[in-house]
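S.K.: curious how this folds, go ahead:
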Amino acid sequence: MSETPAPCLVEIHLHRISLPGNLFSGTCPSLQSLTLTSCEVAWSAIPVSSSLTKLSIHTPSQRFSVDDVIAKMRIIGPTLRELRLEFVLRPATGTHSTSGPFQPQIPFKNMTSFKLDDNDARPVCLFLDQVSLRDCPNITVAVSEGTLEEQFAIAQALVASRGLPTWPVTNIEVDLHESCLTLLMTEAEKRSISLGLSFPGDSQLAAVLSAFSTLPLAPVKTIRFSGGYFEDHDPAPFHYFNARGTIQHLELAAEFIPTFIRFIQPQNTRLREIADVVGVDDRNKLVLDHQTAGLGLNIIGFPGLQKIRIDGDDFDEMEPGYGAYLTLREWLVWRNIFGVRLGSLVLVNLNVPCGTIDWFEDLVDKFEQIDVEEVDQDDD
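M.R.: Residues are numbered from 1 along each chain as shown. Purely as a prediction, here's the structure:
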C-alpha cells in the first residue's frame with residue numbers, strides 16, 4: 001500500500017493485509033468509506049478525512065488503545081454515519097483523554113448505525129462514556145466477557161450516551177448457549193438498541209437480571225429464552241420477569257419447558273387449595289368473591305400474558321413430555337377461571353405426546369401448530 005497522499009480515493013476495503021505505519025501519509029481528503037478486516041495496522045495509520053462517513057474495523061492483529069481511538073474520534077466522529085468496531089479496543093495504558101480533565105461527549109450527530117462488539121468490558125465502558133449516541137437510530141453493543149459490575153457499568157454508560165430518562169426496552173433475549181443476555185430497545189419505528197452482555201454461568205443469570213432491575217427500564221413486553229437450559233431448573237428468571245408485570249409475549253425453546261413447569265406448578269397447587277376452600281356452585285363453577293378472585297390473580301404468573309410460543313429442536317430428549325403438557329393445561333384452565341385467558345399458544349417443530357393436542361384448542365383464543373407431530377411418549 002502507498003504511503004503517498006491519495007486525494008481522489010473514495011473507498012478502501014482491505015482483508016488480511018499488512019499496512020504501512022503512515023497509510024497515504026494520513027491524508028485522504030475524499031475518503032468516504034474504510035473497511036479493514038484482520039489487517040496488521042497501527043491506529044495512527046488510519047487516515048483522517050472530513051469526508052469519512054463509514055468506518056469498519058474487524059479483529060486487527062493488534063488492538064488499539066481506547067484513548068487513542070477516542071482522540072481520533074473527536075476529529076472524525078461528528079461526520080461518521082456508520083461505525084463498526086469488533087474486537088478492536090484495549091484498555092488505556094497511560095493517562096490520556098479518558099482519564100484527564102473533563103471533556104464533552106463526542107457528538108455522533110450523523111450516526112445512523114453503531115456497533116461495538118468486544119470481549120473486554122473495560123474499554124467498551126470507557127468508549128461509551130465518551131460518546132453521545134442520542135441521535136443514532138440503530139445501536140448494537142455486545143460484550144462476551146466481564147464481571148457483573150463491569151457489565152452493569154456498560155449498561156449505565158449506554159443509557160448515559162443516549163441521554164434517556166428510561167430504557168425503552170421492548171424485548172429481552174436470554175441465550176444460555178452463548179451465555180448472553182440481550183436487551184432489545186425500540187423507541188419508535190426503525191429505531192433500535194441492542195445490548196448483549198455475558199453472564200458467568202447459568203446460576204448467575206438471576207443475579208444479572210436483578211442488577212439490571214435497578215436501571216430505569218421501560219416496560220418489557222417480550223422475553224425469549226433460547227440456546228440452553230438451566231441444569232438446576234432454577235425458575236428465578238421467570239420470577240424476575242413475572243414481578244415486572246409487563247410481559248405480553250413469552251418465547252421458549254423446548255429445553256426451557258422443565259424450568260417453566262417448575263415455575264407454574266406451585267401456582268397450580270395453590271389454586272387447587274383455593275378451589276377446595278371456596279367450593280363450587282350448582283353449575284360446578286368456583287364460587288369467587290372479589291377477594292378470592294384477587295387472590296387467584298396474584299398467584300397466577302404473567303397475568304398480562306397474551307402469547308406463548310414453544311420452539312422444539314433436534315434433540316428429542318429435550319422435548320416436553322406428557323406431564324409437562326398436563327401441567328401447562330391445568331395452568332391455562334386456571335387462567336380462564338380467573339379471567340386472564342391466553343390469547344395465543346403456538347407450538348413449533350415439536351413431537352408431542354398422543355392425545356395432548358386436543359387439550360389446548362378450547363383453552364386459548366388461538367391455537368397454532370407448525371410442524372407438530374403426535375407420538376407415543378412415556379410419562380415424565
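S.K.: just give me the neighbour total for residue 81.
M.R.: 17 (other CB atoms under 10 Å). Placement of C-beta: from N, CA and C, glycine included.
S.K.: show me the contacts for it.
M.R.: If you count contacts by CB atoms under 8 Å, 6 or more residues apart in numbering, residue 81 has them with 53-54, 110-113.
S.K.: try residue 32
M.R.: 10-11, 49, 51-54.
S.K.: again, but for residue 66
M.R.: With CB under 8 Å, 6+ apart, residue 66 has these contacts: 89-92, 98, 123, 126-127.
S.K.: in strands, which of those fall?
M.R.: 89-90 (DSSP state E).
S.K.: if any of the contacts of residue 66 are buried, put those into a ChimeraX selection.
M.R.: Of the contacts of residue 66, the buried ones go into a single ChimeraX selection, burial set by 16 or more other CB atoms under 10 Å:
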select :89,90,92,98,123,126,127
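S.K.: reformat the contacts of residue 66 as a markdown table; add pLDDT.
M.R.: What follows is the contacts of residue 66, written out as a markdown table (pLDDT from 0 to 100):
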| residue | pLDDT |
| --- | --- |
| 89 | 95 |
| 90 | 93 |
| 91 | 91 |
| 92 | 82 |
| 98 | 51 |
| 123 | 92 |
| 126 | 91 |
| 127 | 94 |
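S.K.: just to revisit the earlier point, out of the contacts of residue 81, which are inside strands?
M.R.: 54, 113.
S.K.: how about JSON lines for the contacts of residue 81, with neighbour count, pLDDT and distance to residue 44 added?
M.R.: Converted to JSON lines, these look like this (neighbours: other CB atoms under 10 Å; pLDDT from 0 to 100; distance: CB to CB, whole Å):
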{"residue": "53", "neighbour count": "18", "pLDDT": "94", "distance to residue 44": "21"}
{"residue": "54", "neighbour count": "17", "pLDDT": "95", "distance to residue 44": "20"}
{"residue": "110", "neighbour count": "14", "pLDDT": "92", "distance to residue 44": "24"}
{"residue": "111", "neighbour count": "25", "pLDDT": "92", "distance to residue 44": "23"}
{"residue": "112", "neighbour count": "16", "pLDDT": "90", "distance to residue 44": "27"}
{"residue": "113", "neighbour count": "16", "pLDDT": "91", "distance to residue 44": "25"}
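S.K.: which of the contacts of residue 81 lies closest to residue 351?
M.R.: Nearest to residue 351 out of these is residue 113 (CB to CB; 41.3 Å).
S.K.: isn't the closest one right up against residue 55?
M.R.: No: contact between residue 113 and residue 55 fails when scored by CB atoms under 8 Å: they sit 11.0 Å apart.
S.K.: between those two, which contacts overlap?
M.R.: 82-84.
S.K.: out of those residues, give me the one that has the most neighbours.
M.R.: residue 83 (23 neighbours).
S.K.: so that residue lies in a strand, does it not?
M.R.: Yes: according to DSSP: H, G, I helix; E, B strand; the rest coil, residue 83 belongs to a strand.
S.K.: and residue 70, what's its pLDDT?
M.R.: pLDDT for residue 70: 94.
S.K.: sorry, that was for residue 158
M.R.: pLDDT, residue 158: 80.
S.K.: what's the helix or strand for it?
M.R.: For residue 158, the host element (DSSP states H and E) is helix 148-162.
S.K.: now for that helix, which elements pack on it?
M.R.: The elements that helix 148-162 packs onto, with contact taken as 3 or more CB pairs under 8 Å, 6 or more residues apart in numbering; DSSP states H and E, are helix 121-129, strand 138-143, strand 191-198, helix 205-212.
S.K.: and with 10 Å instead?
M.R.: When contacts are defined as 3 or more CB pairs under 10 Å, 6 or more residues apart in numbering; DSSP states H and E, helix 148-162 packs onto strand 113-118, helix 121-129, strand 131-132, strand 138-143, strand 180-188, strand 191-198, helix 205-212.
S.K.: circling back to that earlier point, where is pLDDT lowest across the contacts of residue 32?
M.R.: Scoring the contacts of residue 32 by pLDDT puts residue 49 last, at 80.
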